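In: Pasted the sequence and its predicted model underneath.
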Amino acid sequence: MSKSLNLFGGVSAGVIAMLLAGYNFADRNIAKVPADLQKLGALSPNALAALEAEKAPAKAEVADATTGDAARGGLVAAAYADEGGAGKNFGLGRVAMPEEIAAWDVDVRPDGTGLPDGSGNAFDGEEIFEENCASCHGSFAEGVDNWPKLAGGDGSLADEDPLKTVGSYWPYLSTVFDYVNRSMPFGNAQSLSADEVYAITAYILYSNDIIDDEFELSKETFLDVEMPNAGGFIVDDRAETEYTIWRTEPCMENCKDAQPEITMRATVLDVTPEEEGMEEDHAAAEAAPAQEAAAVEVAAAAEEAPAEEAPAEVAVAALDPAMVKAGEKVFKKCKACHQVGEGAKNRSGPHLNGVVGRAIGSIDGFKYSGTMADMGGEWTEEKLAEFLADPRGSVKGTRMAFAGLKKSDDIAAVTAYLKSFDP
C-alpha cells in the first residue's frame, strides 16, 4: 500500500509541476485580451481586427526594416488598418500587382480581343497535338474512349444522336483558342506557348476541313476563319416569349387525368422501366419488322437477280458473321470520320461503302490529299490492309492522321465488315 501511495504522490506532483509551467508560459507569451473585449465572452472577428490594428504600426516597421521598401511597408500597414481607423477590415490580402493581373487575364473574345502575338499552322500543329493531346483526343482528333471528339459530325446536328465537335457545333473560334490556352493539356494547363496554342487550334480546324494545312493562324488572320455553325445559335428570348405561358400557379394535385404511358424507349441506355412480360414483347416487336424485311429482300433477290450475279451473292454470303461482328467493333475507331451503311455521307473522311475494289480517290465531292488523289489503282484487300496498318507510312502526305491498326486480326475483321456494305 505504501508503494502505491508513493507512486500516486509522485505522479500528482509531476502533473502539478507541468500545469504551473504551462500557466507561467501563457502568462508571459500570450497577449492579454483588453477588459472591454473580455465582456464579449469570446473574440469576435471585429475584436480580432481591432487587435491587429493595434499591432499594425509595429508590423509596418518590421516590413520596412526587412525589405527596405517604404511602399511595401505601407501596403502591409494598410492591410491592418484603414484611414477611418482600426477595426474596419480583417487584415487579409493585398492589392494585386499588375504582373499577377496580366497572368490571370487570358480570356479571348469572339472578336479576337485578348489574342496574344504568335502564329501557327496545322502542319506544325500535328506534331504538337500528337505529343500533348492525342492520348485523350486521338491522333486525328477523333476522340479516345470517352474523351471528347474534336473532329467529325459534319451535318449530324439534325440527327437523333448528333456528334457535337468543334467543326459541327462550336460557333466561335475564340472558344477553341481560349479553352486550349487556359486549360490544356490536361494536368499541365497553361504550359503551352502562344505559338503552340495557335498551331494546335489550326490542326483542330484542319481536322474538320475548315482550313488548309498551310493556313497560318495568327491574331491577324483569326477572323478570316468562318466556323461552320456560326449561324446556328440564336438569342435566348424565352423571357419575353415563353415565361408568361408556363410560369403560372403550379398544380399540386389531380393535375393529369390519365396515368402516364411509355410511348418511346431509350436507345442508348437500358433505363426504360420494365413490366412483367414487357421485355419479351418488346424484343418480339423489334424482331418482327427486321425478319419480315429480310424475308422480302430474299424473295426479291431470288426473283430479280440475274443468274450471272450468283457468284457475287455467294461471296457476300460467305463472309464470316463473327468476323463481321468483330469488325464492327473495330470500326468504332474510324466512325468519327467515316460512315458506312444506308445513307452514309462523307465526313472528315469519305464514306466507305464498297471501298474494297473501289478506285482509290474516286468519291465525287470529297477533297482528297494530293497524294491520295494521284495514286490510281484500286483498294484491294492487300492494299487496304497495308494502309490500315500504317496510313501515313504507306501513303505519304495523307490527311488521315490515324496511327493505324496494330493487330492483323483487327485489320482482317474491319475489312470483312467493310466488305459487307455494297457501294
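Out: In hand now; what should we look at?

In: switch to C-alpha atoms for all contacts and neighbour counts from now on
Out: OK.

In: Next one, pLDDT for Glu276 please.
Out: At Glu276, the model reports a pLDDT of 57.

In: swap in Ala151?
Out: On pLDDT, Ala151 comes in at 95.

In: Can you get me a residue count around it?
Out: Using other Cα atoms under 10 Å, Ala151 has 28 neighbouring residues.

In: Next: Lys325.
Out: By the criterion of other Cα under 10 Å, Lys325 has 15 neighbours.

In: please renumber so the chain begins at 58
Out: Fine by me, first position is 58 from now on; the one you just mentioned is Lys382.

In: host element of it?
Out: Assigning secondary structure by DSSP states H and E places Lys382 in helix 378-387.

In: contacting residues around the following helix or strand past that helix?
Out: Toward the C-terminal end, the helix or strand that comes next after helix 378-387 (DSSP H and E) is helix 427-430. Residues outside helix 427-430 that contact it (Cα atoms under 8 Å, 6 or more residues apart in numbering): Ile417, Gly418, Ser419, Val452, Lys453, Gly454, Thr455.

In: list the contacts for the third one?
Out: Looking back up the chat, that one is Ser419. Contacts of Ser419 by Cα under 8 Å, 6+ apart are Ala430.

In: Now do it against Thr472, distance only.
Out: Distance of Ser419 to Thr472, given as Cα to Cα, to the nearest Å: 19 Å.

In: what do you get for the first one?
Out: To Thr472, Ile417 is 16 Å away according to Cα to Cα.

In: on that earlier part again, what does the helix holding Lys382 rub up against?
Out: Helix 378-387 has contacts (Cα under 8 Å, 6+ apart) with Asp467, Ala469, Ala470, Val471, Thr472, Ala473, Tyr474, Leu475, Ser477.

In: swap the cut-off to 10 Å and go again
Out: Residues outside helix 378-387 that contact it (Cα atoms under 10 Å, 6 or more residues apart in numbering): 377, 388, 392, 462, 466-477.

In: Helices along the stretch 208-357 of the chain, start to end?
Out: Applying DSSP state H, counting those that start in this stretch to the stretch 208-357 of the chain gives helices spanning 230-240, 251-264, 295-298, 300-303, 335-361.

In: burial of the residue nearest to Ala473 when sequence neighbours are not counted, as a residue count?
Out: Sequence neighbours aside, Val381 is the residue nearest to Ala473 in space, at 5.4 Å (criterion: Cα to Cα, 6 or more residues apart in numbering). For Val381, the count of nearby residues is 20 (other Cα under 10 Å).

In: still on that earlier bit, widest-spaced pair of the contacts of helix 378-387?
Out: Asp377 and Lys392 (21.6 Å; Cα to Cα).

In: Give the residue spans of the stretch 208-357 of the chain that score low on pLDDT.
Out: 324-357 (pLDDT under 70).

In: do that again at 90, thanks
Out: For the stretch 208-357 of the chain, applying pLDDT under 90 flags the ranges 212, 244, 270-271, 291-293, 295-357.

In: any idea which of the contacts of helix 427-430 has the most stuff around it?
Out: Counting neighbours by other Cα under 10 Å, the top entry in the contacts of helix 427-430 is Gly418, with 21 neighbours.

In: Pull the contacting residues for that residue.
Out: Going by Cα under 10 Å, 6+ apart, Gly418 touches 407, 424-436.

In: Now do it against Tyr474, distance only.
Out: Gly418 is 20 Å from Tyr474, where distance means Cα to Cα.

In: which non-adjacent residue is nearest Glu435?
Out: For Glu435, ignoring the flanking residues on the chain, the nearest one in space by Cα to Cα, 6+ apart is Ala416 at 4.2 Å.

In: Spit out the contact partners of the one you found.
Out: Neighbouring residues of Ala416 by Cα under 10 Å, 6+ apart: Met432, Gly433, Gly434, Glu435, Trp436, Thr437.

In: State the distance from the second one to Leu409.
Out: According to Cα to Cα, Gly433 stands 17 Å off from Leu409.

In: which of those two has more neighbours?
Out: For Gly433 versus Leu409, neighbours defined as other Cα under 10 Å are more numerous around Leu409 (21 against 12).
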